[in-house]
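J.: Show me the folded form of this:
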Amino acid sequence: MRRGEADGGNAAEDGTGMAVERLPQESESPDFQRCVDEIRSYLVASRGRTDEERQQYSESLNRAVLGFEEERIRFVAIINDQLSKRRMNHIVPPNRRYTTLAEAVFAEIIGMNVLELLLKNREGLEEIQVVGRDIYEVRAGKATPSPHKFQHLKDVERIQQNLVLFNNEVINPRKRWAEVALKDGSRVTLTGFGFTAEPTMTIRFYTMRYFNLHTLCHPDYETLNESIQSILLCVLRCCFNLVVIGPTNSGKTNLIKALIAEMPDHERIVTIETRFELMLKRDFPNKNVIEYEVSEHDALHSGNQAFKLALRQSPKRICHAEIRDDDANIYVRACTRGHEGSLTSVHVNELEDAPDAIADMCMLDGRGMNPTRLTKRITEYVTQIGLEMGIVDGKRKLLRIGEYVYNSSRDSVTVRDIVRYDYGRGSWRYPEGFSPRAAERIRKYDPDGYGLLERMGCIPRC
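T.: Sure thing, here's the model as predicted:
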């Protein structure tokens, strides 16, 4: 099916053999279109005189686009004021859904079309996914088709242009994607025709709430239980290096943040992210935190550069949002040179896959390394404890806590299951205790925790 046919429009040739979209247009009066163009030009030109004013103005516009009520009211008022000054209030909106001309102009310039119906019910809404005219809502980690649908692809493209217009970003035939981020952590990823088969838009909302481990034990969440909480607190006090895995929307960020919430405020923590998502300094103002936002496309502000600077800032722990190819080596070096208690995530299917995956990334820089020795080093110093998240019956669960053990005689990695979720029973089991090496570390750094875990059966009695 041709692109134009899929949207109920017509596709034509542009002379180069490429399909050109010709979509049905709403019947808009020339007066209304002139009104929209003038107000749009005014909003673009009114960004402010200083960098700070321009940043605040762009942020307000973004929040208005994303449905934040205070900013929406503000910009409807600005538009209404400009319409009065320009003596345009007599113009009749082409669509009778709007009670005022200001609302119609707002919807055309800033509004989100049918997405506004979703934004009215933000409770529990984690993500909006748009593919062409189709819309999906993500709640509790599960994507479901929305009852709402865009009428035309041009409506999606208009919203894309609105989202990038005030952000020093572009999405056009030369650059067919864009990313926009708000200060509150909400992220918008956009792709256009030619890069994806249809225009797409993914809005991932940042939750203003954060959960400590105790809250995650509550029956409303059931991410873990009090026994698992005790294990995790002991692991934190003993400064084991942690790696978290799990699919998208499985609660990895919430768990990482809950773990950080339990760390002593005076300990210096450095976070390295491609987009600010943890927002630790805002939510934990008393913590000694340095937050880096890195760019994959800017060598001066890359993850590698952030690591070099971070290691000179005396961090106790490093929280690396996700290990990537370029900075795998430097994270491994950080974990082996005194930055115990560090935390990262990696995209693998099973906990057992994490050490090899990190080793593979380290080998990509072309330096001669012994893969066996590298995997052993990663197992013993980087991925000491693994945490696996998942979704069970619509709830996010901590499915496994495993201790990585390297078997030198077989040159292989095994994972001791300290905690494992039993799907059949709907509860957690504690199949194996900590290894003698880990148990001795716990006895040294957390004697009280050692006694508790021993009574729980997580440390074999001598």
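J.: Let's check: the centremost residue of this protein is which one?
T.: E277 (6.0 Å; CA atoms, centre = their mean).
J.: and it, what are its phi and psi?
T.: Main-chain dihedrals, E277, degrees, to the nearest 10: phi -130, psi -40.
J.: So it sits against S345, correct?
T.: No: at 11.4 Å, E277 does not count as touching S345 under the criterion of CB atoms under 8 Å. From N, CA and C alone the C-beta is placed, and that goes for glycine too.
J.: joint contacts of the two?
T.: Taking CB atoms under 8 Å, 6 or more residues apart in numbering as the criterion, E277 and S345 both touch A321.
J.: Give the next helix or strand downstream of the least confident helix or strand in the chain by mean pLDDT.
T.: When each helix and strand of the chain is scored by mean pLDDT, DSSP states H and E, strand 19-22 comes last, with a mean of 32. Moving toward the C-terminus from strand 19-22, the next helix or strand (DSSP states H and E) is helix 30-45.
J.: Return that following helix as PDB; C-alpha atoms alone will do.
T.: In PDB, the C-alpha atoms belonging to helix 30-45 read as follows (Å, rounded to 0.1, in the frame of the first residue of the first chain):
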ATOM      1  CA  PRO A  30      -7.600  32.200   4.400                       C
ATOM      2  CA  ASP A  31      -8.300  34.600   7.300                       C
ATOM      3  CA  PHE A  32      -7.800  31.800   9.900                       C
ATOM      4  CA  GLN A  33      -4.600  30.600   8.200                       C
ATOM      5  CA  ARG A  34      -3.200  34.100   8.200                       C
ATOM      6  CA  CYS A  35      -4.200  34.500  11.800                       C
ATOM      7  CA  VAL A  36      -2.300  31.200  12.700                       C
ATOM      8  CA  ASP A  37       0.800  32.300  10.700                       C
ATOM      9  CA  GLU A  38       0.900  35.700  12.500                       C
ATOM     10  CA  ILE A  39       0.500  34.200  16.000                       C
ATOM     11  CA  ARG A  40       3.100  31.500  15.300                       C
ATOM     12  CA  SER A  41       5.600  34.100  14.100                       C
ATOM     13  CA  TYR A  42       4.900  36.200  17.200                       C
ATOM     14  CA  LEU A  43       5.500  33.200  19.600                       C
ATOM     15  CA  VAL A  44       8.700  32.300  17.800                       C
ATOM     16  CA  ALA A  45      10.000  35.900  18.000                       C
END
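J.: Would you mind listing the buried residues in that helix?
T.: Residues of helix 30-45 classed as buried: F32, C35, V36, I39, R40, L43 (neighbour count, 16 or more other CB atoms under 10 Å).
J.: which residue ranges form the strands in the stretch 1-150 of the chain?
T.: Under the criterion DSSP state E, counting those that start in this stretch, strands of the stretch 1-150 of the chain are mapped to 10-13, 19-22, 125-131, 134-139, 142-149.
J.: For the ones you listed, which has the smallest mean pLDDT value?
T.: Among the strands of the stretch 1-150 of the chain, strand 19-22 carries the lowest mean pLDDT, a mean of 32.
J.: Mind putting the strands of the stretch 1-150 of the chain into a markdown table with distance to R174 and mean neighbour count?
T.: Below are the strands of the stretch 1-150 of the chain laid out as a markdown table (distance: least, CB to CB, whole Å; neighbours: other CB atoms under 10 Å):
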| stretch | distance to R174 | mean neighbour count |
| --- | --- | --- |
| strand 10-13 | 21 | 13 |
| strand 19-22 | 17 | 15 |
| strand 125-131 | 22 | 19 |
| strand 134-139 | 27 | 17 |
| strand 142-149 | 30 | 13 |
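J.: now those strands as a markdown table including distance to M389?
T.: Converted to a markdown table, the strands of the stretch 1-150 of the chain look like this (distance: least, CB to CB, whole Å):
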| stretch | distance to M389 |
| --- | --- |
| strand 10-13 | 44 |
| strand 19-22 | 41 |
| strand 125-131 | 14 |
| strand 134-139 | 16 |
| strand 142-149 | 14 |
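J.: Give me the below-cutoff pLDDT ranges for the stretch 251-400 of the chain.
T.: 365-368 (pLDDT under 70).
J.: How many residues are close by S314?
T.: By other CB atoms under 10 Å, 11 other residues sit near S314.
J.: So which bits of the strand of greatest length in the chain are buried?
T.: Among the segments of the chain that qualify as a strand by DSSP state E, the longest is strand 395-407. Across strand 395-407, burial judged by 16+ other CB under 10 Å covers R396, K397, L398, L399, R400, I401, G402, E403, Y404, V405, Y406.
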